[in-house]
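Enquirer: need a structure here:
(chains A and B)
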Amino acid sequence: MSRLSLPLGIAAALVGVALSTPAHADSAAAQTNATSTPALRNTGPALQGFDALATFGWGAHTSTFVDLELAPYGATFGVDLGYSWRSGFRLGGYFFHSLGRTLPQHREPLVGRPVDFTAEASSVNGGLSLGWGVPLYCFALRYKLSLGVTSMRWRFHDVSPAVAGFGEDTSPTVGFHIAPGVALLWPYGKFEGGVGFEYLAQIKDTIPSGFIGTLFLGVKL
Amino acid sequence: MKRFLFGAILVLASSVHAIASAEAAPTAPAAPAPETQAAVSDLQSPQQVSTRYSAYTLPTNQWSVAAGALGVGDGDVFALLSVAYGLGARVQLNVNLAHAGVGLLNIGAGWHFIDTRYFDLGLRSGFWYGHGEWFWIADPLAKKILAKIDLVKVPIELTASSMPTRWLELDLAFQYNWAKLFGASPDEESLFTKSQIGMVQFFMRPGMRFFISDNTALELFAKVPFYTAVPIGDREPTVPFKDSWWLEGGLRSRLARGLYGNIRLNYAAISDLLYGARLYPAFEIEVRP
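Expert: Residues are numbered from 1 along each chain as shown, chains lettered A, B, ... in the order given. Next up is the predicted model:
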C-alpha cells in the first residue's frame, strides 16, 4: 500500500493543481473592504511566480536508534525551487546536503570490555514539496509539506557496525521522509529571502529524524 | 503507520486544494454584498474560528473535513480524517474516520452552551471503541499484543474560551477520560496505552492564540495532567506526570476561503513513545465548504 500511495499522491497533486481555478477572492475583497476592516487586515505581497532559493541552515537530530546517536544534519546547504499559483498553492522541489557531525559513543556490553568509539554521519536529502503561501503584512508565510528521500552516509571509527549497534546495514542508508515546515519570506523586487524550519520525520528507524532551521536567499520571477 | 500516512495525506492535501480553489474562485463582478462581507471576516469569526481545543462549535449546517497526521492529542493521534457537522443550537457532531479505518471508532459531540461577547463555555463528550484485532496497520509485534484487547473510552471536557481583544484568545479546558481495557495484561504495553488513548486521565489544558493578522494565528497549548492511570485490573497503575504532559506550539492560517492549514510542534514524552522523538511535528488541513 505504501508503495502505491506515493505515486498516486503525486499524481493527485498534479491533477488538483491542473483542475483548480487560479485565483481566490480574498485579496480583492480585502482591498475593496479595507476601510471597514480592523487594523490586523493585510494584503501582503503577490504570491504567484517561480522562485529559486538557496538554502543555508543548521540541523539537529531529535531521535536515536536504540542507544546509537547519529548526527546526520548539522550545517546544511542546498536549493529549493518551485512555482506558486495565485491562490498561494506551490509545487516545488528541494535538495540539500547536510555535513553532519561526529559524536563520541560509549558501549558497555554484557560480555567483554567497555568500548569507546566515534560515529560520523552526514546526509543528502531531496524530494518534492507541496506548499501554500499566505500573505502576512509584507511577508509571505509559506506552509510546506515535503516528501522525499534521505541518503545517510555513516562510519564508525574503531568498531564494526554490529558492535556499534547498527547491525549488518551498509552505508549509505536510504529512506523516505515526510517534512512539514514553515517559512517566512520577504520578497523584495525580484529577490526573496527569509527564514524557516522543517522537521524531517524519517520513516526508516535507522535514520534519525531532525529539525532544520533554514535561511533562504534567492530570486522570484 | 507513517508509511501509510505518507501517501494518504498527499492525496487529501491535493484534493482540498482543488476544492478550495473552486470555492474561492472569483464571483461575478456584481457579487452580492454578503459574499464580500464574508470574505473579510477573520479567524475570530464564527465561520472561521478554530474548534480545536476551544469552546466553539461549527455554525448551523456547516460541514468541516480535516485531514492531518502525526498528532499526539487524543482525537488526532497518529492520523486525522475528521468529518464534523454543525447541527444548530451550537451543537456539532464529529467522527475521526482515520481512526475508524483502523478499528478505532471515535465519535464525539460538542455543545457551545454559553455564548457571550467575552466569555464562552463548551462541553464535549464522545464514545470510543477500539477492537485490537481490527488494528491492521500496526506492525506484527504490536498487532499481536493488540489482538486480544478491546477498549472503551468516554471523554468529557469542559472548555472556557475568551476573546478579550482582536488579537488574543484564551482557552482553558478540563477533561476527564473514563476508559476500560478488556483483555489486556498488566505486563504488556500496547499502542492503546502508549498513545494515552486507553488511559484514565484527568487533565487541564490551558492555551492561548495570538491573531497576528486576519488570516494567521499563533497557537500555544499545554497539557497538564493531574491523574493518569492504565485501566487494567483493580489496581490501575498510575503514569507519572513526566510521562504524560505535553507542550504544543503551532500556526493556523486561512489558506483560501474555506481552507485552513495548521502546523504544530509538540514536545512531549508521548511523542517519544509514538514517534521516537520528544520533539515532533503535526499538521492538518481543514476544509469548511
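Enquirer: immediately after the helix or strand of chain A with the lowest mean pLDDT, which helix or strand?
Expert: Sorting the helices and strands of chain A by mean pLDDT, DSSP states H and E puts helix A:26-32 at the bottom, at a mean of 35. In the C-terminal direction, the helix or strand that comes right after helix A:26-32 (DSSP states H and E) is strand A:49-61.
Enquirer: need the longest strand for chain A.
Expert: Of all the segments assigned as strand in chain A under DSSP state E, the longest by residue count is strand A:115-136.
Enquirer: In three-state terms, how would A:Val174 be classified?
Expert: Counting by DSSP: H, G, I helix; E, B strand; the rest coil, the backbone at A:Val174 sits in strand.
Enquirer: burial measure for the closest residue in space to it that isn't next to it in sequence, as a count.
Expert: Counting by C-beta to C-beta, 6 or more residues apart in numbering or on different chains, A:Ser151 is the residue found nearest to A:Val174 once chain neighbours are left out, at 4.9 Å. C-beta here means a position set from N, CA and C on the backbone, and glycine is covered the same way. Neighbourhood size, A:Ser151 [other C-beta atoms under 10 Å in any protein chain shown]: 17.
Enquirer: A:Ser151 is in contact with A:Ala121, isn't it?
Expert: No - assessed by C-beta atoms under 8 Å, A:Ser151 is found out of contact with A:Ala121, at 11.2 Å.
Enquirer: any weak-confidence spans in the stretch 101-250 of chain B?
Expert: B:137, B:184-191, B:194 (pLDDT under 70).
Enquirer: Kindly report the residues of it close to chain A.
Expert: B:Arg166, B:Trp167, B:Phe211, B:Ile212, B:Ser213, B:Asp214, B:Asn215, B:Thr216 (C-beta under 8 Å from any C-beta of the partner chain).
Enquirer: between the helix or strand where A:Arg153 lies and strand A:115-136, how many degrees?
Expert: Using DSSP H and E, A:Arg153 sits within strand A:139-157. If you take axes from the mean of the first three to the mean of the last three C-alpha atoms, to 10 degrees, strand A:139-157 sits at 170 degrees to strand A:115-136.
Enquirer: what's the following helix or strand past strand A:139-157 in contact with?
Expert: Following strand A:139-157 in sequence order, the next helix or strand is helix A:161-164 (DSSP H and E). Contact with helix A:161-164 is made by A:Leu68, A:Gln105, A:Arg107, A:Pro109, A:Val115, A:Phe117, A:Ala119, A:Phe156, A:Gly167, A:Glu168, A:Asp169, A:Thr170, as judged by C-beta atoms under 8 Å, 6 or more residues apart in numbering or on different chains.
Enquirer: I'd like the mean pLDDT over helix A:161-164, please.
Expert: Mean per-residue pLDDT for helix A:161-164: 79.
Enquirer: Now do the buried residues in that helix.
Expert: A:Pro161, A:Ala164 (16 or more other C-beta atoms under 10 Å in any protein chain shown).
Enquirer: Go ahead and measure how far it is from the middle of the chain.
Expert: 30 Å (C-alpha atoms, centre = their mean, to the nearest Å).
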